[in-house]
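Next come a sequence and a model predicted from it.
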Amino acid sequence: MNKAIDFHPRHLTFFVGLALLNASTSASEAHEGLDAREIYHEYCSVCHGDNGDGRSHAQNSFDPPPRNFTAPEAAAQLDRERMLFSVTYGRPDTAMPGWGTRLSKDEIASVVDFVRSTFMKIDASRQSADAEAKGVDRFATGYMDQAMPYGLHGDKASGQAYFRMNCVVCHGVNGDGKGPRAYFILPKPRDYRHPAARAKLNRPTLFEAIAKGSNGTEMPAWEKVLDKQEIANIAEYVFDTFIKPEPTEAAKR
């Protein structure tokens, strides 16, 4: 009988470091000729297991444990855009790193579709269409038009001034998460222009994220230094500048 290996928390750094070490070369060098299955086993299986069920040597060292993609709730909770975002930028409060600096967008899309079709048993083409429809529905049904909490109305100009003084260093002047500090931060700062962000970050969600911050990331809780109106101003600027749908050509004219 094989003796069970007792993994301690100190091994967490080893496994994450091992994965990062394997990924240290550039995407063009490391993945030339690799298909999605090979990318998964090179980068993901060390935590998520060879069968996508989260059963790996490292599973007992993580809290929360690695995602089990074969569980029914995975298919219910994880749409394609969320998975693309998670693989690109990592997940706060977990051991999941962001792979956006090591894998190309095509490689990330490829491995996400591999996981969805192989372990989650989802038709990738159908789910892509469903996700696109869901994003449209959120605007059509008023989800993205929800007002600020506490009856507040954000002032975009004031929010812009504060964003440029305090937020661009991480999120970038274009809201794409490519500020000067972004290259030293893991997980990476939020890219407000990413489709997943634009599909779910309405005014109340932005207000909450700015106010409370995000544990396990560099994002602080701004409610400790700003009042509610100031937070609403920043949220309004971010929403109106980066999140809202692009105006149609007719509207521009």
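Sure thing, it's come through.

Outline the domain layout of this protein.
The chain resolves into domains spanning 10-131, 143-252 when parsed by automatic domain parsing.

Rebuild those domains as TSV, extending it with mean pLDDT and mean neighbour count.
All C-beta atoms are positioned from the backbone trio N, CA, C, and that covers glycine. Below are the domains of the chain laid out as TSV (pLDDT from 0 to 100; neighbours: other C-beta atoms under 10 Å):
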stretch	mean pLDDT	mean neighbour count
domain 10-131	77	17
domain 143-252	88	17
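
Show me the helices in the stretch 151-253 of the chain, by range?
Here the stretch 151-253 of the chain has its helices, by DSSP state H, counting those that start in this stretch, at 156-166, 168-171, 195-200, 203-212, 228-238, 249-252.

out of those, nearest to Lys188?
helix 168-171 (8.9 Å; C-beta to C-beta).

other SSEs contacting that closest one?
Of the remaining helices and strands, none touches helix 168-171 by 3 or more C-beta pairs under 8 Å, 6 or more residues apart in numbering; DSSP states H and E.

related to what we said a few turns ago, distance to Thr94 added to the helices of the stretch 151-253 of the chain, as CSV?
Converted to CSV, the helices of the stretch 151-253 of the chain look like this (distance: least, C-beta to C-beta, whole Å):
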stretch, distance to Thr94
helix 156-166, 26
helix 168-171, 20
helix 195-200, 17
helix 203-212, 17
helix 228-238, 24
helix 249-252, 40
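
what's the closest of these to Ala109?
Shortest distance between Ala109 and these, using C-beta to C-beta, is found for helix 195-200: 11.6 Å.

How about the contacts made by His41?
Residues near His41 by C-beta atoms under 8 Å, 6 or more residues apart in numbering: Asp50.

hmm, back to that, looking at the helices of the stretch 151-253 of the chain, spot the one closest to Pro72.
Per C-beta to C-beta, nearest to Pro72 of those: helix 195-200, 22.2 Å.

so what secondary structure elements neighbour the closest one?
Right, helix 195-200 is packed against helix 80-89, helix 124-140 by 3+ C-beta pairs under 8 Å, 6+ apart.

among the helices of the stretch 151-253 of the chain, which is nearest Pro189?
helix 168-171 (4.1 Å).

How far off centre is the closest one?
When distances are taken as C-alpha atoms, centre = their mean, to the nearest Å, helix 168-171 is centred 16 Å away from the chain's centroid.

before we move on, back to that, if we compare the helices of the stretch 151-253 of the chain, which one ends up closest to Asp106?
Nearest of those (C-beta to C-beta): helix 195-200, 15.3 Å.

before we move on, the earlier item: show me the one of the helices of the stretch 151-253 of the chain that comes nearest Arg37.
Judging these by C-beta to C-beta, what sits closest to Arg37 is helix 195-200, at 24.1 Å.

Just the C-alphas of the closest one, formatted as PDB.
Extracted C-alpha coordinates of helix 195-200, given in PDB (Å, rounded to 0.1, in the frame of the first residue of the first chain):
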ATOM      1  CA  PRO A 195     -15.700  41.500 -21.500                       C
ATOM      2  CA  ALA A 196     -16.200  39.700 -18.200                       C
ATOM      3  CA  ALA A 197     -15.800  42.900 -16.300                       C
ATOM      4  CA  ARG A 198     -18.100  44.800 -18.600                       C
ATOM      5  CA  ALA A 199     -20.800  42.200 -18.200                       C
ATOM      6  CA  LYS A 200     -21.000  42.300 -14.400                       C
END
